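1. Okay, sequence plus prediction incoming.
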Amino acid sequence: MDWTTERIATLKKLWEGGLSTREIGLRLGVTKNAVVGKVHRLGLSKRQSPIIERRRVAEVIPLDKLTAGMCSWPDGEPGTPSLRFCGKPSVPDKPYCAEHCARAYVRGSKDREASQAA
């Protein structure tokens, strides 16, 4: 496969349009890795990874704004000014929201076996 002037122009247009490397590869008939390599060799602008952690999308709040009924799941380095908390509504009688409760309260294998036997 040759990277003709026309194909490179199409690659640049699709890249600037925000399409994924996979989608660009499908449209150009090349692999995702071929697209990544060519983008790198052309020195095109870097884009943020499409894989965004959910906790980064959610609003985080500083300790002095954390109140009862808010999720106190920490985000950041303890003991530094960057420490923040989830802040979503917490599950009743728990310090965390539903998402963080699912991560914090993991049942052990013995607990699972006991509940399955019952």
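-> Perfect, I can see it now.

2. Just checking the distance from the helix or strand harbouring R41 to the centre of its chain.
-> Applying DSSP states H and E as the criterion places R41 in helix 32-42. Average the C-alpha atoms of helix 32-42, do the same for its chain, and the two points are 23 Å apart (CA atoms, centre = their mean, to the nearest Å).

3. Leaving out chain neighbours, which residue sits closest to T31?
-> Taking CB to CB, 6 or more residues apart in numbering, and ignoring the residues beside it in sequence, T31 has G25 as its nearest neighbour in space, at 5.4 Å. To be clear about C-beta, it is placed using only N, CA and C from the backbone, and glycine gets the same treatment.

4. The one you found against K38, yeah?
-> No - with contact taken as CB atoms under 8 Å, G25 and K38 are classed as non-touching, separated by 10.0 Å.

5. which SS state does the residue nearest to T31 fall under?
-> Following DSSP: H, G, I helix; E, B strand; the rest coil, we place G25 in the helix state.

6. Can you give me the neighbour number for it?
-> Counted with other CB atoms under 10 Å, the burial measure for G25 works out to 19 neighbours.

7. What of W3?
-> W3 is flanked by 15 other residues according to other CB under 10 Å.

8. Perfect, I'm done here.
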